[in-house]
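Student: Let me see the structure of the following:
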Amino acid sequence: MNNPKLSYFEKEDILHLAMSDECESSSVEISPNITAELNDEGELIGIEIMGASLFLRDSLLESAQAKLLQLSKKVA
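Tutor: Numbers count the residues shown, from 1 in each chain. Next up, the predicted model:
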């Protein structure tokens, strides 16, 4: 697959990024609620984020806060 495919399942609040059309052979939990999907060779073919809306909200807020802190240090 040349173009990754992003899917969101609203009812389950799951975000899935497929980077390959290959079948999943195994998976590894990267952190709570984030799973890496692997093919037969152990290569990354997808990522699944459960509780995606909270994860994205928290990640964006954290990123924005970090950026604001960097800007405020330059101004001070």
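Student: count of neighbours near residue 49?
Tutor: When counting by other Cβ atoms under 10 Å, one arrives at 21 neighbours for residue 49. Bear in mind the C-beta positions are built from the backbone N, C-alpha and C, glycine included.
Student: How about residues contacting the helix or strand harbouring it?
Tutor: Using DSSP states H and E, residue 49 sits within strand 44-50. Contacts to strand 44-50, defined as Cβ atoms under 8 Å, 6 or more residues apart in numbering, come from residues 12-20, 22, 24, 27, 30, 33-39, 55-56.
Student: Apart from its neighbours in sequence, what residue is nearest the spatially most central residue of the chain?
Tutor: The centroid of the chain falls nearest to residue 49 when counting by Cα atoms, centre = their mean (5.6 Å). Nearest residue to residue 49, sequence neighbours excluded (Cβ to Cβ, 6 or more residues apart in numbering): residue 15, at 4.4 Å.
Student: distance of that neighbour from residue 40?
Tutor: 25 Å (Cβ to Cβ, to the nearest Å).
Student: What separation do you get for residue 71 and residue 58?
Tutor: On the measure of Cβ to Cβ, residue 71 and residue 58 end up 20 Å apart.
Student: swap in residue 27?
Tutor: Distance from residue 27 to residue 58, by Cβ to Cβ: 23 Å.
Student: The protein: helices as residue ranges?
Tutor: Here the chain has its helices, by DSSP state H, at 52-75.
Student: Low-confidence bits of it, can you list those?
Tutor: Low-confidence segments of the chain (pLDDT under 70): 1-2, 72-76.
Student: rerun that using 50 as the cut-off
Tutor: Nowhere does the chain drop to pLDDT under 50.
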